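Engineer: this one's structure only:
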């Protein structure tokens, strides 16, 4: 079992990477914020409460934990960003094996996101 400071450090790292993901489409913001919530839940009830009551992150965390649901607007944004990431990769002429691997991975991730229940 990890010590509380390690959980807090992992949560902080996950949250920082998730915030970077807002600007960099290669980092998945939502899964990293959900990971931060999990880690904070193990290491710091105070930080978990802060994340749960945060205006931007609290509601999506609650919806995911209660029913695995994602808001339709968030689904559209996630899938659009995945497509944009692949198109940028195509535009910069990445090698075809990289494009193929990206296409498979992004398609799988997009399918997963799109098939989750809709949050209200």
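Structural biologist: Perfect, thanks for sending it. Every value quoted in this text rests on a predicted model; they were computed, and no experiment measured them. Numbering: from 1, shown residues only.

Engineer: show me the domain layout of this structure.
Structural biologist: With domains defined by automatic domain parsing, the chain comprises 4-67, 72-115.

Engineer: deepest of these, which one?
Structural biologist: domain 4-67 (a mean of 17; mean count of other Cβ atoms under 10 Å). For glycine as for every other residue, the C-beta is placed from the backbone atoms N, C-alpha and C.

Engineer: mean pLDDT added to the domains of the chain, as CSV?
Structural biologist: Shown next, in CSV, are the domains of the chain (pLDDT from 0 to 100):
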stretch, mean pLDDT
domain 4-67, 92
domain 72-115, 93
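
Engineer: which residues in this structure form helices?
Structural biologist: 4-21, 29-43, 45-52, 58-67, 72-91, 96-115 (DSSP state H).

Engineer: pretty sure residue 33 contacts residue 11?
Structural biologist: No - contact criterion Cβ atoms under 8 Å: residue 33 and residue 11 do not qualify, at 10.0 Å.

Engineer: and the residue lying closest to residue 118 once chain neighbours are set aside, how far from residue 23?
Structural biologist: In space, and not counting its chain neighbours, residue 118 is closest to residue 72: 5.3 Å by Cβ to Cβ, 6 or more residues apart in numbering. As judged by Cβ to Cβ, to the nearest Å, residue 72 and residue 23 stand 23 Å apart.

Engineer: now residue 98
Structural biologist: From residue 98 to residue 23 the distance is 22 Å (Cβ to Cβ).

Engineer: what do you get for residue 109?
Structural biologist: Distance, residue 109 to residue 23, using Cβ to Cβ: 19 Å.
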